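Student: Structure for this input, please:
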Amino acid sequence: MKESQIIIENFHSLSLEGNPLNDPAERRVPVYLPPGYDPAHPYPTIYLLAAFAARGLKLLNDDLWQENIQQRLDRLIGTGEIQPMIVVMPDASTRYGGSQYLNSPATGHYEDSILELVNLIDSKYPTINYPAKRAVMGHSSGGYGALQLGMRHPSSFNLVAAHAPDLNFGMVYQKDIPPFLQFYEKVGYEGFMEMLADPGRALEKDASFNALGVAAMAACYSPNPESPWGFDLPFDTYTGEIIPEVWQRWQALDPINMTADHKTSLSSLNLLYLDCGLYDEENLLYGARILTRKLDELKIPYHYEEFEGGHRNTSFRYDVSLKMISETLG
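Tutor: Next comes the predicted model:
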């Protein structure tokens, strides 16, 4: 049987043209074609979203101890645990690290770009162009992206798998405020602007990754074209006090708070899979538990698992979600 293939699509996204950070509109998108790929045979499709500070290509990294995504899919298909499928690995990265797969005037139209990519893949590959045969999944920020795309676009993605998604923003993000304040105290306004202009160079010196993460999330959740930064921070840089009107904008994009408004979309999904490690270092376990309670209250079907482990080195969990997706695809 012919081996699996990775095709690198050079995807030019019209949605990302002229984006505020001048990030490239041309993206390299890996597409996995299963063993024995037959262009005359229609396949279901999975969109696998990378975490913050990563893009689809990272999922192909060689590792001494863990399978990359091609090896994992080959094994699962080879043993008959999942059916042959096409897997697409988008690049929604930004200069700040990530877009949360949202449209934002501070970063660009990344949500639209994903939908644009779906149209491209359906036009070039033998996909089953039907939402019940198309899934979206990811880990961490990729899990957040999968959840919000499933909520907003069930006519594109009818199956969702979110591994340790960003939830319960107060617990997951506010812990990064003190490191940000310490960084800002040291470098001031000019130093912060330098980090925004060239994060890679700043991180090589003494910039805080936490500070960059706060800026990246603010660009996604509280953009403000009138600000010199392009976004509003949800706290005072002098006192650290939360600014309620800005923080409310963040809270509005927390999937826990989005659930009720998207009950119809979530209820229409053929699969909503969630998981989280019991010792998640980002404190995401508690947000996952809150979300499942909300889903119970709203009588939205879902499957939820907690597992021994933390937030990192959890790609083995894809075995669970991929099997569940394959079973649901029928």
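
Student: CA atoms only for the helix ranked longest in the chain, dumped as CSV, please.
Tutor: Secondary structure of the chain per DSSP state H: the longest helix is helix 177-197. C-alpha atoms of helix 177-197 as CSV (Å, rounded to 0.1, in the frame of the first residue of the first chain):
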residue,chain,number,x,y,z
ILE,A,177,-0.4,39.9,35.3
PRO,A,178,2.4,40.1,38.1
PRO,A,179,5.1,38.9,35.7
PHE,A,180,3.9,41.4,33.2
LEU,A,181,4.0,44.2,35.7
GLN,A,182,7.5,43.3,36.8
PHE,A,183,8.7,43.3,33.1
TYR,A,184,7.0,46.6,32.5
GLU,A,185,8.5,48.1,35.6
LYS,A,186,11.9,47.2,34.3
VAL,A,187,11.6,48.2,30.6
GLY,A,188,8.8,50.8,30.6
TYR,A,189,6.7,51.9,27.7
GLU,A,190,9.6,52.0,25.2
GLY,A,191,10.8,48.5,26.2
PHE,A,192,7.3,47.2,25.8
MET,A,193,7.0,48.7,22.4
GLU,A,194,10.3,47.2,21.4
MET,A,195,9.0,43.8,22.5
LEU,A,196,5.9,44.2,20.4
ALA,A,197,7.9,45.3,17.4
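
Student: Past that helix, which element shows up next along the chain?
Tutor: helix 199-204 (DSSP states H and E).

Student: Let me see the residues that make contact with that following helix.
Tutor: For helix 199-204, the surrounding residues in contact (C-beta atoms under 8 Å, 6 or more residues apart in numbering) are 95, 96, 97, 194, 195, 207, 209, 212. In this view, the C-beta of every residue, glycine as well, is placed from N, C-alpha and C.

Student: burial count for the nearest residue to the fourth one once chain neighbours are set aside?
Tutor: Among residues not flanking residue 194 along the chain, residue 202 sits closest, at 6.1 Å (C-beta to C-beta, 6 or more residues apart in numbering). Residue 202 has 21 neighbouring residues, counting by other C-beta atoms under 10 Å.

Student: same deal with residue 121?
Tutor: Neighbour number of residue 121 under other C-beta under 10 Å is 21.

Student: now residue 235
Tutor: 19.

Student: Sticking with the residue nearest the centre of the chain, tell me its helix or strand.
Tutor: Geometric centre of the chain, nearest residue: residue 142, 1.8 Å, by C-alpha atoms, centre = their mean. If you go by DSSP H and E, residue 142 is part of helix 141-152.

Student: Remind me what that helix packs against, helices and strands.
Tutor: Here helix 141-152 touches strand 45-49, helix 110-124, strand 134-139, strand 159-163, helix 255-258, helix 263-268, going by 3 or more C-beta pairs under 8 Å, 6 or more residues apart in numbering; DSSP states H and E.
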